[in-house]
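>>> With the sequence up front, the predicted model follows.
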Amino acid sequence: MHAEPSEQDQFESPTVIEQAVITTLVTSKHALWTRGELERAVDGPRGTGAVVEDAIDHLYDKGLVHVFGGFVTPTRAARAMDELAN
């Protein structure tokens, strides 16, 4: 018998977390998100936040987000890509 993957298993992939973070950023009406807000939005109030922190760092390295101290915002390129996808 094959067990269905749990919600936690789905979030073990860094790519899934990065997609969740960038989607949250580009589809929201917020101009700036704090890291804590993103952690709660993506990982939930009981999450550790570590996977979201790693995702933010990877997205920054890829040039898809700007990080200003504790604030995160998507780049214009990330917003444009989202507009093209819709």
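Sure, I can see it. Numbers count the residues shown, from 1 in each chain.
>>> switch to C-alpha atoms for all contacts and neighbour counts from now on
Fine.
>>> in the protein, which residue is closest to the centre?
Nearest residue to the geometric centre of the chain (Cα atoms, centre = their mean): V21, 1.2 Å.
>>> Mind jotting down where the strands sit in this structure?
For the chain, the strands defined by DSSP state E cover 33-34, 65-68, 71-74.
>>> export the last one as CSV, just CAs?
Meaning strand 71-74. Taking Å, rounded to 0.1, in the frame of the first residue of the first chain, the C-alpha atoms of strand 71-74 are listed here in CSV:
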residue,chain,number,x,y,z
PHE,A,71,12.3,43.2,4.2
VAL,A,72,11.8,41.3,1.0
THR,A,73,10.2,42.4,-2.3
PRO,A,74,10.2,40.8,-5.8
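>>> I'd assumed V21 was in contact with I56.
Yes. Taking contacts as Cα atoms under 8 Å, I56 lies within contact range of V21: 7.4 Å.
>>> contact partners of stretch 47-56?
14-15, 17-18, 21, 35-36, 38-40, 42-43, 65 (Cα atoms under 8 Å, 6 or more residues apart in numbering).
>>> Contacts only, for D82.
V26.
>>> R40 versus that one, what's the distance?
Plainly put, D82 is 22 Å away from R40 if you go by Cα to Cα, to the nearest Å.
>>> just to revisit the earlier point, between the strands of the chain, which one is nearest to V26?
Of all the strands of the chain, it is strand 71-74 that lies closest to V26, at 6.4 Å by Cα to Cα.
>>> any low-confidence regions in the chain?
By pLDDT under 70, the weakly predicted segments of the chain are 1-12.
>>> All good on my end, thank you.
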